[in-house]
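J.: just coords:
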């Protein structure tokens, strides 16, 4: 048989459906050792930027390839090729592609919105900026809101002796807690949307929890800022950035943001019943159209936004490139983990299931909140959300109705507790780096954890008592 003929037959075998594709991986037959590459890549992501940044920055692609290969190669050796191909295609086309294209669109659009000017610092203006940023986080994402507002916030406080707390609370509220009210807010919630959670479900079910959590943290900030403001008194240096009116540039990106939201809602509501089978993955027309719109929005944002506005924002493609590479590895490494979780009490994670269950076997929302949050504090919160979503059964219809408290606990734990450390959520470390670059004396890794332990952990205990 010629090579060209073999290639044609292989392509036909990949593109045409077969019964083997539907079988999937049998999680009950997988050892817990299959989870080691997933744990390995998450630990690298958590420690690399902090403990070996130079090596990490230059070789993160190799790290990702190494851990991914430890999944893909053994899978093809241990499981039949059609099943493995189907699992990889499902992950690539139905989960990774829409996830990363949405992040690309939001990242590009937010990077084109530039807020010029400088406010006079005061507890009132600082509190207002943090409150506005928290609301904005659920609209343009935590990363987008953080990148738009962090520089104006630093400029407003650059003459102060004590200003690190302003950035710390900015990370708490804008880079994390504020993103809990829509799939646009934080990556784990968009993964939930891709799994079948309604777009406005978190808005309807987490508004009171988020208002309570954010309100408490914002109130603590206001009291602290008043204290530090009065303590400084007249001993401040001259403001290096004189007050000037705020001016918003790149307004066209607000319209493009509306297009992104419309595309997501379209994919959720319009069901033409047209699908294309690629390697066992069913690609529905509405989802392909949505993803194409994400790409077009990103291109339009680049073409329609002045380069000067992006330069003023410090915009570069580095962060989204890093996210694209790392999440490709995460989505590959999580395949056997999801299969084992789907096996429930028959899988390798039966003990984890026991931890989040009451004595009568029912789910314990408080346990889901704290376990999801604890892992999200040190590992990436998006894959952590997926793990506990699957552990809770993985059926979006059940989780949105009879198990709504569990889904609320998973969602809020993943989003809120990403604020506990610098490595809990992607924008945390970005904000830290920008603040350091602008001369803010930011607390160390463990110093920041003292702040979060004193402010956030008591707040989360209260939220658990009130809601979970």
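T.: Perfect, I can see it now. Computed from a prediction, not measured in an experiment: that's the story for all the values here.

J.: lowest-confidence helix or strand of the chain?
T.: Ranked by mean pLDDT, DSSP states H and E, the weakest helix or strand in the chain is helix 19-23, scoring a mean of 32.

J.: what number of residues lie near the residue nearest to residue 174 when sequence neighbours are not counted?
T.: Nearest residue to residue 174, sequence neighbours excluded (C-beta to C-beta, 6 or more residues apart in numbering): residue 133, at 3.6 Å. Every C-beta, even on glycine, is put in place using the N, C-alpha and C of the backbone. By other C-beta atoms under 10 Å, the residues close to residue 133 number 22.

J.: residues contacting residue 133?
T.: Counting by C-beta atoms under 8 Å, 6 or more residues apart in numbering, residue 133 touches 145-146, 149, 153, 170, 173-174, 178.

J.: Could you list the low-confidence segments of the chain?
T.: By pLDDT under 70, the weakly predicted segments of the chain are 1-24, 118-121, 233-244, 379-380.

J.: what residues are up against residue 61?
T.: Residue 61 makes contacts with residue 325, as judged by C-beta under 8 Å, 6+ apart.

J.: Is the residue nearest to residue 174 within a helix or a strand, and which one?
T.: Assessed by DSSP states H and E, residue 133 sits inside helix 123-156.

J.: how about that helix: buried residues?
T.: Across helix 123-156, burial judged by 16 or more other C-beta atoms under 10 Å covers 123, 126-127, 129-131, 133-134, 136-156.

J.: what about the helices in the stretch 101-250 of the chain?
T.: 123-156, 164-173, 187-194, 201-232 (DSSP state H, counting those that start in this stretch).

J.: Isn't residue 186 up against residue 144?
T.: No. Judged on C-beta atoms under 8 Å, residue 186 makes no contact with residue 144 at a distance of 10.9 Å.

J.: hang on, residue 196 packs against residue 398?
T.: No. Using C-beta under 8 Å, residue 196 is not in contact with residue 398, being 10.3 Å away.

J.: center of this protein - which residue?
T.: With distances taken as C-alpha atoms, centre = their mean, residue 187 lies nearest the centre of the chain, 2.9 Å away.

J.: these two touch, right, it and residue 107?
T.: No. Residue 187 lies out of contact with residue 107 (C-beta under 8 Å); the separation is 11.3 Å.

J.: how near is residue 70 to residue 76?
T.: Residue 70 sits 12 Å away from residue 76, going by C-beta to C-beta, to the nearest Å.

J.: Can you report phi and psi for residue 305?
T.: Torsion angles at residue 305 (phi, psi; degrees, to the nearest 10) stand at phi -100, psi 140.

J.: any idea how far it lies from residue 116?
T.: Between residue 305 and residue 116 the computed distance is 14 Å (C-beta to C-beta).

J.: These two - which one has more neighbours?
T.: Just comparing residue 305 and residue 116: by other C-beta under 10 Å the higher neighbour count belongs to residue 305, 24 against 15.

J.: For the more buried one, which non-adjacent residue is spatially closest?
T.: Counting by C-beta to C-beta, 6+ apart, the residue nearest residue 305 is residue 112, at 3.5 Å.

J.: do residue 221 as well
T.: Leaving out its chain neighbours, the residue that sits closest to residue 221 by C-beta to C-beta, 6+ apart is residue 169, at 4.3 Å.

J.: Buried ones in the one helix or strand residue 384 maps to, by neighbour count?
T.: Assigned by DSSP H and E, residue 384 belongs to helix 381-391. Buried positions in helix 381-391, judged by neighbour count with 16+ other C-beta under 10 Å: 381-391.

J.: And the strands in this protein?
T.: Remark: strands assigned in the chain by DSSP state E are 114-118, 244-249, 275-278, 281-284.

J.: do you know which of those strands lies nearest residue 338?
T.: For the strands of the chain, the distance to residue 338 is smallest for strand 281-284, at 14.8 Å, taking C-beta to C-beta.

J.: Contacts for that closest one, please.
T.: Here strand 281-284 makes contact (C-beta under 8 Å, 6+ apart) with 86, 89-90, 92-94, 271, 274-277.

J.: Partner strands of it and their direction?
T.: As defined by DSSP bridges, the strand partners of strand 281-284 come to strand 275-278 (antiparallel).

J.: Now do residue 304: how many residues are near it, please.
T.: Neighbour count for residue 304, taken as other C-beta under 10 Å: 13.

J.: ok, residue 366 - contacts?
T.: Per C-beta under 8 Å, 6+ apart, neighbours of residue 366: 409, 464, 468.

J.: wait, doesn't the last one sit right on residue 365?
T.: So that's residue 468. Yes. Counting by C-beta under 8 Å, residue 468 touches residue 365, with 4.3 Å between them.

J.: quick one: which of the two has more around it?
T.: Applying other C-beta under 10 Å to residue 468 and residue 365 shows that residue 365 carries more neighbours, namely 24 against 20.

J.: right, and that one touches residue 406 too?
T.: Yes. With contact defined as C-beta under 8 Å, residue 365 and residue 406 form a contacting pair (5.3 Å).

J.: So residue 70 and residue 76 - more neighbours on which side?
T.: Applying other C-beta under 10 Å to residue 70 and residue 76 shows that residue 70 carries more neighbours, namely 18 against 14.

J.: if you skip the residues just before and after it, what's nearest to that one?
T.: Residue 70 sits nearest to residue 37 (C-beta to C-beta, 6+ apart), 4.3 Å away.

J.: Isn't that neighbour up against residue 63?
T.: No. The pair residue 37 and residue 63 fails to qualify as a contact (C-beta under 8 Å) at a distance of 11.1 Å.

J.: So between these two, which is more surrounded?
T.: Using other C-beta under 10 Å as the criterion, residue 37 and residue 63 rank with residue 37 on top: 24 against 19.

J.: In contact with the more buried one: list those residues for me.
T.: So residue 37 contacts 67-68, 70-71, 333 (C-beta under 8 Å, 6+ apart).
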